[in-house]
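Participant: The following block contains a protein sequence and its predicted model.
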Amino acid sequence: MASAPGISPSRASDFRQCPLMFRLRVVDRIPEPPSPAATLGTLVHAVLEHLYDLPAAERTPTAATAMVEPEWRAMLDKDPSLALLHEGTTAERRWLDDARVRVDRYFTLENPQRLEPAAREEYVELQLEDGPSLRGVIDRVDVAPDGSIRIVDYKSGKAPRPQYGQAAKFQMRFYALLVERLRGRRPALLQLLYLRDGGTVVMHPTAQDLDQVEVEIRELWDDILHAARSGHFRPSPSKLCGWCSFQSLCPEFGGQTPPLDVASVERAFGVTVTTRSD
């Protein structure tokens with residue numbers, strides 16, 4: 001059964017950054033090569049998820065860093081192409097050491113021996129009335145004895161400067177909205193843990209914050225549907241283009257965008273392309 005038309009925080013960020021990139025990921029579903037940075041983040045998340053499978057007293061830095069290589073081998077078993085990320089065993093070893101450093105730094109931010117998460121890597125989905133389906137995966141949800149809820153998200157990079165980091169904050173408020181609607185209680189605390197440098201961002205969402213993020217989501221969805229109906233997902237050049245894997249398909253870089261498949265647009269967004277301006 002096909003999923004209802006909807007959006008996640010990452011895809012919302014994609015559209016805001018570049019509608020064409022969003023289209024190539026969501027509509028065309030163009031495969032992208034894995035990157036060392038993104039794969040490192042996946043590896044670190046896996047270690048921190050499975051760390052909580054251990055009895056509390058065994059959740060130590062030594063135990064956690066020892067999990068890095070087995071988790072990596074498990075990832076390779078599922079997707080052998082990941083081996084192409086590294087030019088040789090020396091590069092792979094350095095990359096794994098980098099992952100261990102970030103896992104070890106987690107222990108400077110929290111004491112996992114004192115925590116028993118209510119949920120880890122929890123898939124959540126909510127159908128907004130007269131709006132899109134909201135979905136995503138929350139790294140960790142903690143529930144205190146008094147019922148207070150904390151949402152925790154691990155970031156493998158470094159903490160952004162104060163004027164940046166809006167996408168991560170939007171992501172946390174997006175998740176807070178879902179959790180409030182699904183669990184019937186607004187989260188008291190949203191916490192971003194940056195494992196490259198040990199930075200943290202803490203947010204205490206208010207009712208007004210969650211009302212505002214719902215407005216933002218609905219406005220963004222309207223913009224997406226407008227692009228879908230017109231068949232025009234414009235490129236939006238920025239400094240981030242240097243990290244984009246779609247340059248060969250982008251007219252800003254002399255590439256040719258593939259013809260738009262209208263059936264894929266309808267499947268993704270539930271609307272019909274009425275005009276074609278691409």
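Facilitator: Structure's in. What do you need?
Participant: for the chain, which strand is longest?
Facilitator: Ranked by residue count and defined by DSSP state E, the top strand of the chain is strand 133-143.
Participant: Direction included, what does it pair up with?
Facilitator: Partner strands for strand 133-143, per DSSP bridges, with pairing direction: strand 6-7 (parallel), strand 119-127 (antiparallel), strand 149-155 (antiparallel).
Participant: Select, out of the ones you listed, the one closest to residue 88.
Facilitator: Taking Cβ to Cβ, strand 149-155 is the member of those nearest to residue 88, at 28.5 Å. For the C-beta atoms, the positions are set from N, CA and C on the backbone; glycine is no exception.
Participant: If you count neighbours, what's buried in the longest helix along the chain?
Facilitator: For the chain, the longest helix by residue count, based on DSSP state H, is helix 207-230. Judged by neighbour count (16 or more other Cβ atoms under 10 Å), helix 207-230 contains these buried residues: 209, 210, 213, 214, 217, 220, 221, 224, 227, 228.
Participant: for these, which one is nearest residue 155?
Facilitator: Once Cβ to Cβ is applied, the member of those that ends up nearest residue 155 is residue 213, at 19.1 Å.
Participant: Spit out the contact partners of the closest one.
Facilitator: Contact analysis of residue 213 by Cβ atoms under 8 Å, 6 or more residues apart in numbering lists 170, 173, 174, 176, 177.
Participant: Spit out the contact partners of the first one.
Facilitator: By Cβ under 8 Å, 6+ apart, residue 170 lies in contact with 9, 12, 13, 213, 216.
Participant: Determine the angle, from 0 to 180 degrees, between the helix or strand harbouring it and strand 119-127.
Facilitator: In this assignment (DSSP states H and E), residue 170 forms part of helix 166-183. Angle, helix 166-183 to strand 119-127, by axes from the mean of the first three to the mean of the last three Cα atoms, to 10 degrees: 80 degrees.
Participant: Report the inter-axis angle for helix 166-183 versus helix 207-230.
Facilitator: Using the same axes, to 10 degrees: helix 166-183 against helix 207-230 is 110 degrees.
Participant: got the buried residues for helix 166-183?
Facilitator: Buried positions in helix 166-183, judged by neighbour count with 16+ other Cβ under 10 Å: 168-181, 183.
Participant: number of nearby residues for residue 238?
Facilitator: For residue 238, the count of nearby residues is 10 (other Cβ atoms under 10 Å).
Participant: quick one, phi/psi of residue 205?
Facilitator: Phi and psi for residue 205, reported as degrees, to the nearest 10, are phi -70, psi 140.
Participant: can I assume it is in contact with residue 175?
Facilitator: No - the pair residue 205 / residue 175 is not scored as a contact, 9.8 Å apart, by Cβ atoms under 8 Å.
Participant: any shared contact partners between these two?
Facilitator: residue 190.
Participant: I'd like the contacts of residue 213 as JSON lines, with distance to residue 235 appended.
Facilitator: Output for the contacts of residue 213, formatted as JSON lines (distance: Cβ to Cβ, whole Å):
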{"residue": "170", "distance to residue 235": "22"}
{"residue": "173", "distance to residue 235": "28"}
{"residue": "174", "distance to residue 235": "25"}
{"residue": "176", "distance to residue 235": "32"}
{"residue": "177", "distance to residue 235": "30"}
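Participant: mind showing which ranges of the chain have poor pLDDT?
Facilitator: 1-2, 275-278 (pLDDT under 70).
Participant: How are the helices of it distributed by residue range?
Facilitator: Under DSSP H, the chain gives helices at 9-17, 19-26, 36-51, 61-66, 68-78, 89-106, 166-183, 207-230, 262-269.
Participant: Nearest to residue 115, out of these?
Facilitator: helix 36-51 (10.1 Å).
Participant: buried set for the closest one?
Facilitator: 39-51.
Participant: and which of those is nearest to residue 259?
Facilitator: When the buried residues of helix 36-51 are compared against residue 259 (criterion: Cβ to Cβ), the nearest one is residue 39, at 31.4 Å.
Participant: that older thread, extract the CA atoms of the helix holding residue 170 and return them as CSV.
Facilitator: The C-alpha trace of helix 166-183 is given here as CSV (Å, rounded to 0.1, in the frame of the first residue of the first chain):
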residue,chain,number,x,y,z
GLN,A,166,17.9,26.6,11.9
ALA,A,167,17.2,23.3,10.0
ALA,A,168,18.1,21.2,13.1
LYS,A,169,15.9,23.4,15.3
PHE,A,170,13.0,23.1,12.8
GLN,A,171,13.5,19.3,12.9
MET,A,172,13.2,19.2,16.7
ARG,A,173,10.1,21.3,16.7
PHE,A,174,8.7,19.2,13.9
TYR,A,175,9.2,16.1,16.1
ALA,A,176,7.8,17.8,19.2
LEU,A,177,4.6,18.5,17.3
LEU,A,178,4.3,14.8,16.3
VAL,A,179,5.1,13.6,19.8
GLU,A,180,2.6,16.0,21.4
ARG,A,181,-0.2,14.8,19.0
LEU,A,182,0.7,11.1,19.3
ARG,A,183,1.5,10.9,23.0
